[in-house]
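Colleague: A predicted structure for the sequence below; I have some questions about it.
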Protein chains: 2
Amino acid sequence: MASQQFEPPSGTRDFLAGDLRQRERVFAAAREVFERYGFEPLQTPAFERLETLTGKYGDEGDKLIFKILRRGEHEATGEADLALRYDLTVPLARVVAAYGSRLPTPYKRYAIGPVWRADRPGRGRFREFTQCDVDVVGSSSPLVEVEVVCAGADALDAMGVREFTVLVNSRRALTGLMQVYGVPADRAGGALITLDKLDKLAPEAVTEELVTGRGLDQGIAEELVRDITADDAVDRMRAALKDNAEGREGLAEVDRLLELAGPHVGTERIRFAPNLVRGLDYYTGAIWEVTAPGMPGSIASGGRYDHLIATLGGPDVPACGFSIGVERIIGALGASEEHRDRIDVAVTVMNEEFATEAIGFVNGLRRAGLRAEIYLGASGKLSKQLKWAADRGARFAVLQGAKEHADGEVTVRDMETGEQERVSVTDLFTHLADRRSM
Amino acid sequence: MASQQFEPPSGTRDFLAGDLRQRERVFAAAREVFERYGFEPLQTPAFERLETLTGKYGDEGDKLIFKILRRGEHEATGEADLALRYDLTVPLARVVAAYGSRLPTPYKRYAIGPVWRADRPGRGRFREFTQCDVDVVGSSSPLVEVEVVCAGADALDAMGVREFTVLVNSRRALTGLMQVYGVPADRAGGALITLDKLDKLAPEAVTEELVTGRGLDQGIAEELVRDITADDAVDRMRAALKDNAEGREGLAEVDRLLELAGPHVGTERIRFAPNLVRGLDYYTGAIWEVTAPGMPGSIASGGRYDHLIATLGGPDVPACGFSIGVERIIGALGASEEHRDRIDVAVTVMNEEFATEAIGFVNGLRRAGLRAEIYLGASGKLSKQLKWAADRGARFAVLQGAKEHADGEVTVRDMETGEQERVSVTDLFTHLADRRSM
């Protein structure tokens, strides 16, 4: 295809009106919820200094950073000094470090914006995609988790995701579990990363990786996987952690979150999930993930990450956040209903002499709050202009020929029924504003 | 200052809540106008293929393009393959080429989004800034200019720029003028670029540049500058172009635009300006620029550019557009009034036992459409929690101690007057929703 040169770069998308409007509706729904919760918006630049980003996402992540070449005389060095942001969390850490006490305490912020990753593009995987994050920085209160989970659940609801389940666990409960099952402390982190694969791999494969990859005893690995995937895993975990201090505190975190957020989220939509691990090792307390029928994987996730901001270059402040997979949700919501924009009124121009009047009509209609367009094509034929009005999805067309003009009137055509009526020019705006709202 | 490493990269900005909201209000005002005119939004990726951008902005422009290093094994080459978009017009040309007949005819699109230029940052000059463009692609109708000028003027109005003047001229009138004054055709383009400096340089300096830089005869240059800057320049230009075909057509373009757009824009806000040149040589018909008292330079500009889309790699289709300098306008509108977000209700947590109730209050208030927050700090002291409520700009605070709890009531405190009243828990949401709207 010769037009390939006109496609957007690999992994990026052009959003024409229909898709863009659907995206905006989803983002606006989330924004409206976050605002009601008292979260503040934050917008940071598309790029950061390269050193702000490197080393923050692991070796694999570093390779996916889009780097920007130095400019002017330095361009020839082939070196980069800036890079497109990879997520919204590192910029948050930088802002917390930069603005400190000028931010409210705690700082409740939301951010909805594009990030860039040089991933191999694929089905539902893009190099430019939008993230949607809410975070609370600077408070250790257990109410923070409740706020964040309730806000995220409300946002999902508002976006149109009606059925979903919030699966809750605690990093501390998992740490306790490792202790109880006799996993050495230095292997616990790796073991948890492997256990996180239970939603993708068969239990046997996970067991094997725990033994060969993570150095666990065969017996311990088998018991751990069996208990954590059992139908009564919740009971087994509670029993196992009964005498473990760290584990008990973790379970208390989970129970408090279920108790306090449950009434708002809906007790049937939130539950303890002992096999939820979340591989990311920066979580320090409660963790959660949201699944929804018909949407593969998780559509949102989050947790408490009390030292991450410091690791990312900010101050050592407690924090907790929720990230909603808006691209996945938009993809699952399906194509937008209105593929083409509809307008209220199409004003035809049957006679160049009456262009002044036609412009007066269309601008008057706009002033009256209607979405109106004037014919900008080259044809003087009524049939062509009515076809244009139909293509634009106009509800009404306004026509003025020599006869109407002489009478100070226009013809208003109902584009659905084809019915036409004469209306006085002075009544046109209120007439159509009234009819539109019928 | 040690915190410099936490500043955003040179020439970019972090937008915290207050500034971001002001920007969003300005953008939303423009969007609302464009939608009423039937313009459709378009959003293209932040970056384009490097070859899509290079050679489109002249040598100076090319140097200001932010280039993105190739990735993976190619990174070491120091070569770039992508680049951040430099404006919104080249992406439009690419989209017109890519989507062709799948776009409406004519394609009326608006775009509001960031662009990036590696300019030396300075007062009001940024490396990441937002552009706001409306364009009509695919129609030669003179009504297009009227649409675009009316939409732009309405958008300025809606953004809060009440006083402004639209200065109109025509590239064809200027071409005719060059012919009438005996400027050789091959020097006319350069001469116009120099004449464009009349708003910045003294007439003598412009005359000299016309002679030494553009090769015009001294006499011709003097006469041209004198006539074009005279108080009666309009009359002189009309007289000069009386017998020049190209010039007459140009004047007709200007007159038609003034006649048709004048009644809507306001005849006192739009006028013929013979000394308006606009150095960009891609304009082919009417051109305009908007000035406003108290705002330096122009705050918006545009015109017809019938072959630019082809030059930029798209098909050869007529086009006309208007670009509004939103950054300049936002800068001139001054600081936002509300520096910190205000909330409607602050819910205190005086007793950890009653956290469930407090969460019920705050979430119920949000459901009732109020902006409400719950105290997330560590203090159990009423005075500290009320200070927090005041800092958040809350209109009301909700308190529940043991006594209120026992009675199934809460205390509602008016944060302005300090007045307190007891309200039944069941009435709380409607009570506060009613009081807020008072």
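Modeller: Received the coordinates, thanks.
Colleague: wait, what's in contact with the residue in the stretch 151-300 of chain A that chain B sits nearest to?
Modeller: Using CB to the nearest CB, the single residue of the stretch 151-300 of chain A nearest to chain B is A:His264, 4.6 Å away. C-betas here are computed from N, CA, C, even on glycine. Going by CB atoms under 8 Å, 6 or more residues apart in numbering or on different chains, A:His264 touches A:150, A:153, B:359-360, B:363.
Colleague: For the residue of chain A found nearest chain B, give me phi and psi.
Modeller: Nearest residue of chain A to chain B, counting by CB to the nearest CB: A:Gly78, 1.7 Å away. When read as degrees, to the nearest 10, the backbone of A:Gly78 gives phi 70, psi 10.
Colleague: With A:Arg271 instead?
Modeller: Per degrees, to the nearest 10, the backbone of A:Arg271 is at phi -150, psi 160.
Colleague: Surely it is in contact with A:Asp255?
Modeller: No: counting by CB atoms under 8 Å, A:Arg271 does not reach A:Asp255; the two are 11.4 Å apart.
Colleague: who touches both of these two?
Modeller: Counting by CB under 8 Å, 6+ apart, nothing touches both A:Arg271 and A:Asp255.
Colleague: The residue of the stretch 151-300 of chain A closest to chain B sits in which helix or strand?
Modeller: When elements are defined using DSSP states H and E, A:His264 is found to belong to helix A:245-265.
Colleague: With A:Arg187 instead?
Modeller: Residue-wise, A:Arg187 maps onto helix A:185-195 under DSSP H and E.
Colleague: if we can go back for a sec, restrict the helix holding A:His264 to CA atoms and write it as PDB.
Modeller: As requested, the backbone C-alpha atoms of helix A:245-265 are provided in PDB (Å, rounded to 0.1, in the frame of the first residue of the first chain):
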ATOM      1  CA  ALA A 245       3.300 -11.200  63.700                       C
ATOM      2  CA  GLU A 246       4.000  -9.700  60.200                       C
ATOM      3  CA  GLY A 247       1.400 -11.900  58.700                       C
ATOM      4  CA  ARG A 248      -1.300 -11.000  61.200                       C
ATOM      5  CA  GLU A 249      -0.700  -7.300  60.600                       C
ATOM      6  CA  GLY A 250      -1.000  -7.900  56.900                       C
ATOM      7  CA  LEU A 251      -4.300  -9.700  57.400                       C
ATOM      8  CA  ALA A 252      -5.500  -6.900  59.600                       C
ATOM      9  CA  GLU A 253      -4.700  -4.500  56.700                       C
ATOM     10  CA  VAL A 254      -6.800  -6.600  54.300                       C
ATOM     11  CA  ASP A 255      -9.700  -6.900  56.800                       C
ATOM     12  CA  ARG A 256      -9.800  -3.200  57.500                       C
ATOM     13  CA  LEU A 257      -9.800  -2.300  53.900                       C
ATOM     14  CA  LEU A 258     -12.600  -4.900  53.200                       C
ATOM     15  CA  GLU A 259     -14.600  -3.600  56.100                       C
ATOM     16  CA  LEU A 260     -14.300   0.100  55.400                       C
ATOM     17  CA  ALA A 261     -14.400   0.100  51.600                       C
ATOM     18  CA  GLY A 262     -16.800  -2.800  51.300                       C
ATOM     19  CA  PRO A 263     -20.000  -0.900  52.000                       C
ATOM     20  CA  HIS A 264     -19.200   1.700  49.300                       C
ATOM     21  CA  VAL A 265     -17.700  -0.600  46.600                       C
END
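Colleague: Check which residues of it are buried.
Modeller: Residues A:246-251, A:253-254, A:256-258, A:260-262, A:264-265 are the ones in helix A:245-265 that count as buried (16 or more other CB atoms under 10 Å in any protein chain shown).
Colleague: next one: stretch A:349-364
Modeller: A:349-350, A:354-355, A:357-364.
Colleague: tell me the average confidence for that stretch?
Modeller: Stretch A:349-364 shows a mean pLDDT of 90.
Colleague: Any residues of the stretch 151-300 of chain A in contact with chain B? List them.
Modeller: The stretch 151-300 of chain A comes close to chain B at residues A:154, A:259-261, A:263-264, as judged by CB under 8 Å from any CB of the partner chain.
Colleague: could those be laid out in JSON lines, adding pLDDT?
Modeller: Listed next are these as JSON lines, based on pLDDT from 0 to 100:
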{"residue": "A:Asp154", "pLDDT": "96"}
{"residue": "A:Glu259", "pLDDT": "95"}
{"residue": "A:Leu260", "pLDDT": "94"}
{"residue": "A:Ala261", "pLDDT": "95"}
{"residue": "A:Pro263", "pLDDT": "93"}
{"residue": "A:His264", "pLDDT": "93"}
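Colleague: out of those residues, which one sits closest to B:Ala118?
Modeller: A:Asp154 (41.7 Å; CB to CB).
Colleague: Now do the contacts for the closest residue to A:Gly182 other than its chain neighbours.
Modeller: Nearest residue to A:Gly182, sequence neighbours excluded (CB to CB, 6 or more residues apart in numbering or on different chains): A:Ile220, at 5.7 Å. Shown in contact with A:Ile220 (CB under 8 Å, 6+ apart): A:181-183.
Colleague: which of these tops the neighbour count?
Modeller: A:Val183 (24 neighbours; other CB atoms under 10 Å in any protein chain shown).
Colleague: What helix or strand is that residue located in?
Modeller: Short version, using DSSP H and E: A:Val183 is in no helix or strand.
Colleague: who's in contact with the residue nearest to it when sequence neighbours are not counted?
Modeller: Nearest residue to A:Val183 in three dimensions, chain neighbours excluded: A:Ala191, at 5.4 Å (CB to CB, 6+ apart). Contact analysis of A:Ala191 by CB under 8 Å, 6+ apart lists A:178, A:183, A:210, A:214, A:216, A:224.
Colleague: Of the residues you listed, which is the nearest to B:Pro114?
Modeller: A:Arg214 (44.8 Å).
Colleague: Spit out the contact partners of the closest one.
Modeller: A:187, A:190-191, A:194.
Colleague: Distance check, A:His405 against B:Val146.
Modeller: Distance of A:His405 to B:Val146, given as CB to CB, to the nearest Å: 19 Å.
Colleague: higher neighbour count, those two?
Modeller: B:Val146 (29 against 16).
Colleague: So the more buried one is in contact with B:Glu259, correct?
Modeller: No: B:Val146 is not in contact with B:Glu259 according to CB under 8 Å; the separation is 9.2 Å.
Colleague: and the contacts of A:Arg214 as CSV, adding pLDDT?
Modeller: Shown next, in CSV, are those (pLDDT from 0 to 100):
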residue, pLDDT
A:Arg187, 93
A:Gly190, 90
A:Ala191, 93
A:Thr194, 92
